[in-house]
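Chemist: Okay, sequence plus prediction incoming.
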Amino acid sequence: MTRAILKVIAAGEHARIVCDKLPGSKIENGTVIMSSALGSDESLNAHLVWLWGMVKNERRVLKSAVEAGARIVCECSASKGEIRLLPNGAEMLHLLGAELVISSK
């Protein structure tokens, strides 16, 4: 069972702008949250690639939020065992300067 959630934390006044630009995202307690729409049977890499596909055209908006003090974190959970992260899955993390947090279940 795998899931991935992209969070823009402490976005302040940028939260609404970021949320409006990212389809399917919402704001909870000042944090913009966007969950991967892929099924839990997909790989972690597939979830990260999906999220990147949804946010890559809004990279400037996300970078502006980070420059204003926001943090981008990708919180993921995966079944115990081997986790493979390929270059296309790591692209979003690298280009956005995002932190990756993985918990295993």
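Modeler: That came in fine, so what should we check first?

Chemist: Pull up the distance across stretch 25-43, start to finish.
Modeler: Distance between the two ends of stretch 25-43: 21 Å, counting by Cα to Cα, to the nearest Å.

Chemist: same question but for stretch 39-49, I mixed them up
Modeler: 13 Å.

Chemist: Next: stretch 37-44.
Modeler: 12 Å.

Chemist: what pLDDT does the residue of the chain most remote from its centre get?
Modeler: Relative to the C-alpha centroid of the chain, counting by Cα atoms, centre = their mean, residue 81 is the outermost residue, at 22.0 Å. Residue 81 is assigned 81 on the pLDDT scale.

Chemist: Same question for the one 3 residues further on.
Modeler: According to the model's per-residue confidence, residue 84 sits at a pLDDT of 89.

Chemist: so where does the closest residue in space to it that isn't next to it in sequence fall, helix or strand?
Modeler: Nearest non-adjacent residue to residue 84, counting by Cβ to Cβ, 6 or more residues apart in numbering: residue 45, 6.2 Å away. Quick note: C-beta positions are derived from backbone N, CA and C, even for glycine. Here residue 45 sits within helix 44-55, counting by DSSP states H and E.
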